[in-house]
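K.L.:
I'll drop the sequence and a predicted model, then ask my questions.
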Amino acid sequence: MPGLGNIDTKNNAYGTSEPVISPGKLVRVGSRLFSVIHGDLSNLRPKVKEYVEQKARLCKPENIHICDGSEAENNYLLDLMKRQGMITPLRKYENNWLARTDPSDVARVESRTYICTPNKNDTIPTPKEGVKGKLGNWISPEDLEKAFSERYPGCMQGRTMYVIPYSMGPIGSPVSKVGIELTDSPYVVCCMRIMTRIGSAVLKALGDGDFVKCLHSVGQPLPMETPINNWPCNPAKTIISHIPENNEICSFGSGYGGNSLLGKKCFALRIGSFLGKREGWFAEHMLIVGITNPQGVKKYIVAAFPSACGKTNLAMLTPTLPGYKVECVGDDIAWMWFDKEGQLRAINPEYGFFGVAPGTSHKTNSNAMYSMQKNTIFTNVAEMSDGGFYWEGLENEVPKGLRIKSWLNDENWTPESGKPAAHPNSRFCAPAKQCPIMDPYWEDPKGVPISAIIFGGRRPEGVPLIYESFSWTHGVFVGASMRSEATAAAEYKGKVIMHDPFAMRPFFGYNFGQYLQHWLSFGKNPALKHPKIYHVNWFRKNAEGKFIWPGFGENCRVLDWICRRADGEPSVVETPIGYIPKEDAIDLQGLPPIDMKELLYVPKDFWKNEVKEIHNYFEEQLPNDLPAEIQAELNKLEERLNLQ
Ligand code: GTP
Ligand code: SPV
Ligand code: MN
């Protein structure tokens, strides 16, 4: 194996400056020679080798690098990216780095994310005639093949193709699943090493087993024109595609987040939900958190909020109620199943956090702040002249005496510029084990037992702080009818209220109607202990447009009520939409006065309108695929509102 760190800085064959570890072993694949600069192709098991060779023949990289996951390899890649100008060190910390992307590659691109099945209806519900389906994008095998032929051949020319074996879930555990990501982005390798467990140990555990085939290219073969911020990408040709039947993901043109770190949304949610349906489990866009009360009783809760709506914050909150302890299992994705005793259990398949930076501070989320003090890759945050990171909401004021360089490279950024210093979807990518409150069982393949399921969103109006559904089926309806204000996590502009069922709208791996059937089917099994299902809203605003609820660490007060309800506390008021807490049931000790009446108010006219919206949505989006039970729940909600 060539020595890592021994970088050949002379220009490569394409006259560009991608340095390579020299000399590399020349290997013939078909009619082409590749330089295998790290690892040994002949040591790969046949299925893996075949996949790598097939895609190498197609993408024609200059080099192949099989990742072992070691620290030396990671240091080599970080150094390589530094030399390429793709990342800069944040000097104030240990091994923290900042990448600035091309400003046109800053978030997931939902409009170019596809699921490919022979039948369209297997991917998305058939909408009403003349209406565009909004529950995912379908592409036919023929059209995908054509799109591939216009993109992948030769797309890695001049670059190194990295082979990343990775495990979602602890390596070798029966609940874990393996992916092999081939990518031409060293940034992706370093982030995948944080977000998943990667390297030789994964290949060993995989043996001759099956894996999810993941192909990723930034879509810019060398030589290319000077990339903006040294961030190669190809927004005009970006396409993120999934072929569930083949266990395959192909992503082209974007280097960012969920578009390129294929273990996350593509595998753990889209392919995951497809496999979950087939195998009888759930892959959900949910955090997993443990809460222990002053009596030492611990419960775990999962919560699904749309992107940038508070999962990371709730997953690692610092409780303000005395005597409570919160521990984090996961902040974005839960794989769940009912065990033989009928208990719902969950694991976090990830290994790190890819968290929203703006709004994160010692005041709002100190555990996230501690998690990112070292070994963290930041993307599109701003940089202070002392080598520190900076973003909106980090400090109350812009620090005096320091200059701030914005994510757009404005060296002397000031708030007066009227533009944010950090991109609203800027992120930190940090190892989970650096979080001071990781749960002792966060890597237990048996998972943790779940006592409650929460749905929620950003609802400035009308939606109470919390309500409890009447039953499992009603809870599934609550998930199905979720709506939330659009955020910067995807390409949407403005603050429109969007439907986002189960916080999964961009992540369903198959027809949403069938997904609902899957959830409902568990309600029919009386042997299962069905956790209660809730809806929360931290984002209700008063007439002045201010948040009524203080949020963040104070959300433990709501979790506490949920835990007490799981133990049978009868402190509820029935409303048409579900049970809400009695006015004094939520512990408000130590808080300045809060208008709980306003926070818990269920305005009838608002909800009648909400019913109309949901009705239209179902009618337009799933005229044929909506399960009757869900329609019945909507009708019952309407009746309850009319009776009131
Ligand atoms: P993804 O990683 O995109 O899935 O997002 P997420 O659901 O993990 O959201 P995250 O916790 O990162 O929060 C997103 C934004 O919402 C941040 O700017 C937070 O500061 C803000 N936020 C989170 N929790 C609260 C809360 O309880 N109240 C208020 N007002 N804002 C919050
Ligand atoms: C989300 O958008 O829900 C994220 C960030 O967690 S990304 O990995 O880009 O999907
Ligand atoms: Mn997310």
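P.N.:
That came through fine. Residues are numbered from 1 along each chain as shown. Ligands and ions are numbered 1, 2, ... in the order given.

K.L.:
all contacts plus neighbour counts: C-alpha atoms, from now on.
P.N.:
OK.

K.L.:
Helices of the stretch 51-200 of the chain, residue ranges please.
P.N.:
Applying DSSP state H, counting those that start in this stretch to the stretch 51-200 of the chain gives helices spanning 71-84, 120-123, 141-149, 186-195, 200-206.

K.L.:
ok now the top helix by length along the chain, how far from the chain's centre?
P.N.:
In the chain, with assignment by DSSP state H, the single longest helix is helix 604-621. The chain centre lies 28 Å from the centre of helix 604-621; the measure is C-alpha atoms, centre = their mean, to the nearest Å.

K.L.:
Would you agree F606 is in contact with G462?
P.N.:
Yes - assessed by C-alpha atoms under 8 Å, F606 is found in contact with G462 at 6.1 Å.

K.L.:
more crowded one of these two?
P.N.:
G462 (20 against 13; other C-alpha atoms under 10 Å).

K.L.:
Now do the contacts for that one.
P.N.:
R540, Y601, V602, P603, F606, W607 (C-alpha atoms under 8 Å, 6 or more residues apart in numbering).

K.L.:
Mind picking the two most distant members of those residues?
P.N.:
Across the contacts of G462, the longest distance by C-alpha to C-alpha is 14.6 Å; it joins R540 and W607.

K.L.:
picking up where we left off before, PyMOL command for the buried members of the contacts of G462?
P.N.:
Selection of buried members from those for PyMOL, criterion 16 or more other C-alpha atoms under 10 Å:
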select buried, resi 540+602+607
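
K.L.:
for the contacts of G462, which one is nearest H474?
P.N.:
W607 (15.9 Å).

K.L.:
Look at the nearest residue in space to P235 that is not next to it in sequence and report its pLDDT.
P.N.:
If you skip the residues right next to it in sequence, P235 has G253 as its closest partner in space, 5.8 Å away by C-alpha to C-alpha, 6 or more residues apart in numbering. Reading off the confidence values, G253 has pLDDT 98.

K.L.:
my guess is G253 contacts W231, does it?
P.N.:
No - G253 is not in contact with W231 according to C-alpha under 8 Å; the separation is 11.1 Å.

K.L.:
Contact partners for whichever residue of the stretch 451-600 of the chain sits closest to ligand 1?
P.N.:
Going by C-alpha to the nearest ligand atom, ligand 1 is nearest to G551 of the stretch 451-600 of the chain, at 3.4 Å. With contact set as C-alpha under 8 Å, 6+ apart, G551 has these partners: W538.

K.L.:
what about W231, neighbour count?
P.N.:
W231, neighbours per other C-alpha under 10 Å, totals 25.

K.L.:
ditto for K495
P.N.:
12.

K.L.:
residue contacts, it?
P.N.:
E485, A486, T487.

K.L.:
residues making contact with stretch 351-364?
P.N.:
Contacts of stretch 351-364 (C-alpha under 8 Å, 6+ apart): 169, 194-197, 257, 308, 312-313, 331-332, 366, 368-369, 381, 391-395, 422, 424-433, 552-553.

K.L.:
Give me the secondary structure label for Y300.
P.N.:
strand (DSSP: H, G, I helix; E, B strand; the rest coil).

K.L.:
From I66, how far off is the closest residue to it other than its chain neighbours?
P.N.:
Nearest residue to Y300 in three dimensions, chain neighbours excluded: G290, at 4.2 Å (C-alpha to C-alpha, 6+ apart). For G290, the distance to I66 (C-alpha to C-alpha, to the nearest Å) stands at 37 Å.

K.L.:
out of these two, which sits in the busier spot?
P.N.:
Each of G290 and I66 has its neighbours counted (other C-alpha under 10 Å); G290 has more, 27 against 21.

K.L.:
how many neighbours does I594 have?
P.N.:
12.

K.L.:
Wait, it touches W549, no?
P.N.:
Yes - if you go by C-alpha under 8 Å, I594 and W549 touch, sitting 7.5 Å apart.

K.L.:
Okay, V448 and ligand 2: tell me how far apart.
P.N.:
22 Å (C-alpha to the nearest ligand atom, to the nearest Å).

K.L.:
so what's that residue up against?
P.N.:
Per C-alpha under 8 Å, 6+ apart, neighbours of V448: Y300, R345, A346, I347, Y441, W442.

K.L.:
Inside helices: which ones of those?
P.N.:
Those of those lying in helices (DSSP H): none at all.

K.L.:
buried subset of those?
P.N.:
Here, 16+ other C-alpha under 10 Å leaves Y300, R345, A346, I347, W442 buried among those.

K.L.:
How about the last one: what's its closest non-neighbour residue?
P.N.:
This points to W442. Nearest one to W442, counting by C-alpha to C-alpha, 6+ apart, is V329 at 4.7 Å.

K.L.:
so that neighbour sits in a helix?
P.N.:
No - if the criterion is three-state DSSP, then V329 is strand and not within a helix.

K.L.:
pLDDT score assigned to it?
P.N.:
98.

K.L.:
Tell me, how many residues neighbour it?
P.N.:
When neighbours are counted by other C-alpha under 10 Å, V329 comes out with 32.

K.L.:
can you map out the strands along the stretch 301-450 of the chain?
P.N.:
325-330, 334-338, 344-347, 352-356, 377-379, 382-384, 389-390, 404-405, 427-431, 448-456 (DSSP state E, counting those that start in this stretch).

K.L.:
Stretch 147-159: which residues count as buried?
P.N.:
Quick answer for stretch 147-159 (16+ other C-alpha under 10 Å): F148, R151, Y152, G154, C155, M156, Q157, G158, R159.

K.L.:
Distance of the residue in the stretch 101-250 of the chain that ligand 2 sits nearest to relative to Y152?
P.N.:
Nearest to ligand 2, among the residues of the stretch 101-250 of the chain, is R108, at 5.4 Å (C-alpha to the nearest ligand atom). Using C-alpha to C-alpha, we find R108 at a distance of 20 Å from Y152.

K.L.:
Could you do R505 as well?
P.N.:
Where Y152 is concerned, R505 sits at a distance of 28 Å (C-alpha to C-alpha).

K.L.:
What's the local residue count around K400?
P.N.:
K400, neighbours per other C-alpha under 10 Å, totals 6.

K.L.:
can you check V496 too?
P.N.:
With other C-alpha under 10 Å as criterion, V496 counts 12.

K.L.:
what sits against whichever residue of the stretch 401-550 of the chain sits closest to ligand 2?
P.N.:
Relative to ligand 2, the nearest point of the stretch 401-550 of the chain is A489 (4.7 Å; C-alpha to the nearest ligand atom). When the contact criterion is C-alpha under 8 Å, 6+ apart, the partners of A489 are A107, R108, S307, A308, N425.

K.L.:
Check G39 too.
P.N.:
G39 neighbours (C-alpha under 8 Å, 6+ apart): M1, H65, I66, C67, D68.
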